[in-house]
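Asker: show me the folded form of this:
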Amino acid sequence: MDTPHIEPVEGSHHPARWWHRLDDGRIQCDLCPRDCRLHEGQRGACFVRARVGDAMVLTTYGRSSGFCLDPIEKKPLNHFYPGTSVLSFGTAGCNLACKFCQNWDLTKSRDMDSMMDRAGPQTIARAAREAGARSVAYTYNDPIIFAEYAIDVAEACRAVGLANVAVTNGYIHPEPRREFYGRMDAVNVDLKGFTDEFYVKLTGSKLAPVLDSLAWIVHESKAWLEITTLLIPGHNDSDAEIEAESRWIRRELGQDVPLHFSAFHPDFKMMDVPPTPVATLKRARRIALGEGIRHVYTGNVHDREGDTTYCPGCRAALVERDWYRIEGYRLTADGHCPDCGTAIAGRFEAFDPGRQFGPRRIPLSFAGAL
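Answerer: Predicted coordinates for the structure are as follows:
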C-alpha cells in the first residue's frame, strides 16, 4: 500500500485521543489501521488528525459540512425505527482513499473553511430533539476520523433520549472501536467489496479490519447492524464475490443482518465505469437470499420489491416502501409478523403512518452556535 501523503496543519484544534510517541521522535495515530506517523506540523492521511507540538489534535471538532433532517431509510437502515427522521451531519476528510467515492467533495476536502456550521454536542442534541428526530447520524464523511466529536455528541443525545447512528467504513483499531461503536445504537457499515485486492487497489486499505469490526459489532456491542455494498460493474459484482460475501455474513454474523446492495454511478476517479444496471442489483439480491440472508435490499434504484421488508416465516410483505416512503406497514409494535407471529430482527416501535417522515430532506442551520 502506498505511504499516505501527509499535509501540513493549521487552524483550530481539539485534543485527540488514541496516539503514542515513537522512539524516532514522531507520534503515531492509533485510531485506524493506517497508523500514520507524524512529524511536527503534519496531518494524517485523513487530513483532520494532526500533530501540533508533542501531541495529536482533531481539527474538525465542532465543525460540520452541514446538518440535515433525513429519513432513517436513507442511511440506509430499514430495521431501525422505520419511518422516523434522523438529524444527519458530517465533517470533512476520510481515512480511506476510495476511487469511487460519491461524497468526494467532503471526504477529500482540503478547505476547512468550506464547512458551513459550528455546533457543540449540547446544541446538536437540543436541535435534534426540537426538530422531532428519533436519532442523530454521524455520516456523509466517515465518523471514525472525528470520533472524539461524535462520542461527545452521542453522549449528549443519549442524555435526552435520542438514539445514535454511525454510517461508517469500519476501518478502525480495536480500542477506539469499543468506545466509538459502544456509543452507537445502530451502525451501517459499507462493506465495499469482498477481496483484499479490491480494498487495496480501489480504497487504499485492507479488508480484514473491516470484517473484524463487523464481527465485533454483532457479537460484542449492543448496536443494531446493517451492511451496504456498492456494486461497481466489473470490480465487485461477480456471482462468486457476492456468494462469498453472503456466505461469510450468514456464517459469521447471522442470517438476520440486513444486507443492502446499492447502485454505483460514475464519480470521482471512476468516471469511465458505467452505472450499475438494476438487473445486477436484483441478481445480487437473489444470490444473497439464496445463501440464507433473510433481509436483502436494493438501493439507489426504483425497485419496490427490493425496498420491501418481508416476513422470513410466511413471506408476507410487512413494510412496503417506495424509495424512502413507507406505503404499507403491518409489523406489530414489538416487531412481529401479524400473520404468523415471526419476530423480525431490528429495533421497532409503534408506527403512525400519519407521522412518518417520508422522503423529505430538510437542511438545518446552526448559525455558528456552539
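Asker: can you count the residues close to residue 16?
Answerer: When neighbours are defined as other C-beta atoms under 10 Å, residue 16 has 24 of them. In this view, the C-beta of every residue, glycine as well, is placed from N, C-alpha and C.
Asker: once you drop chain neighbours, what's closest to residue 88?
Answerer: Spatial nearest neighbour of residue 88, chain neighbours left out: residue 137 (4.3 Å); criterion: C-beta to C-beta, 6 or more residues apart in numbering.
Asker: tell me the contacts of residue 354?
Answerer: Applying C-beta atoms under 8 Å, 6 or more residues apart in numbering to residue 354 gives no contacts.
Asker: look up how far residue 326 lies from it.
Answerer: For residue 354, the distance to residue 326 equals 11 Å [C-beta to C-beta, to the nearest Å].
Asker: ditto for residue 187
Answerer: Residue 187 sits 22 Å away from residue 326, going by C-beta to C-beta.
Asker: which of those two has more neighbours?
Answerer: It is residue 187, of residue 187 and residue 326, that has more neighbours when counted by other C-beta under 10 Å, with 28 against 22.
Asker: what helix or strand is the more buried one on?
Answerer: Residue 187 belongs to strand 186-190 when assigned by DSSP states H and E.
Asker: what's the first helix or strand after the helix or strand where the residue nearest to residue 88 lies?
Answerer: Using DSSP H and E, residue 137 sits in strand 135-138. Heading C-terminal from strand 135-138, the first helix or strand you meet, by DSSP H and E, is helix 147-159.
Asker: not counting its own residues, what contacts that following helix?
Answerer: Helix 147-159 is touched from outside by 14-18, 31, 58, 60-62, 91, 121-122, 124-125, 128, 135-136, 138, 143, 163-164, 166, 172, 176, 179-180, 183-184, with contacts defined as C-beta under 8 Å, 6+ apart.
Asker: next, the angle from the strand ranked longest in the chain to strand 186-190.
Answerer: Assignment by DSSP state E gives strand 224-231 as the longest strand of the chain. Relative orientation of strand 224-231 and strand 186-190, computed by axes from the mean of the first three to the mean of the last three C-alpha atoms, to 10 degrees: 20 degrees.
Asker: alpha carbons of the helix or strand following strand 224-231, as CSV, please.
Answerer: Downstream of strand 224-231, the first helix or strand assigned by DSSP H and E is helix 239-248. This file holds the C-alpha atoms of helix 239-248, laid out as CSV (Å, rounded to 0.1, in the frame of the first residue of the first chain):
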residue,chain,number,x,y,z
ASP,A,239,-21.6,-14.0,-8.7
ALA,A,240,-18.6,-15.6,-7.0
GLU,A,241,-17.8,-12.5,-4.9
ILE,A,242,-21.5,-11.9,-4.0
GLU,A,243,-21.8,-15.5,-3.0
ALA,A,244,-18.6,-15.3,-0.9
GLU,A,245,-19.7,-12.2,0.9
SER,A,246,-23.2,-13.6,1.6
ARG,A,247,-21.8,-16.8,2.9
TRP,A,248,-19.5,-15.0,5.2
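Asker: list the buried ones in helix 239-248?
Answerer: 241-243, 245-248 (16 or more other C-beta atoms under 10 Å).
Asker: between these, which sits nearest residue 301?
Answerer: Within the buried residues of helix 239-248, proximity to residue 301 (C-beta to C-beta) peaks at residue 242, which comes in at 16.4 Å.
Asker: surely that closest one is in contact with residue 287?
Answerer: Yes - between residue 242 and residue 287 there is a contact under C-beta atoms under 8 Å: 4.8 Å.
Asker: how about residue 71: what's its closest non-neighbour residue?
Answerer: Once flanking residues are discounted, residue 71 sits nearest to residue 324: 4.2 Å by C-beta to C-beta, 6+ apart.
Asker: residue boundaries of the helices in the stretch 1-150 of the chain?
Answerer: Applying DSSP state H, counting those that start in this stretch to the stretch 1-150 of the chain gives helices spanning 104-107, 121-130, 147-159.
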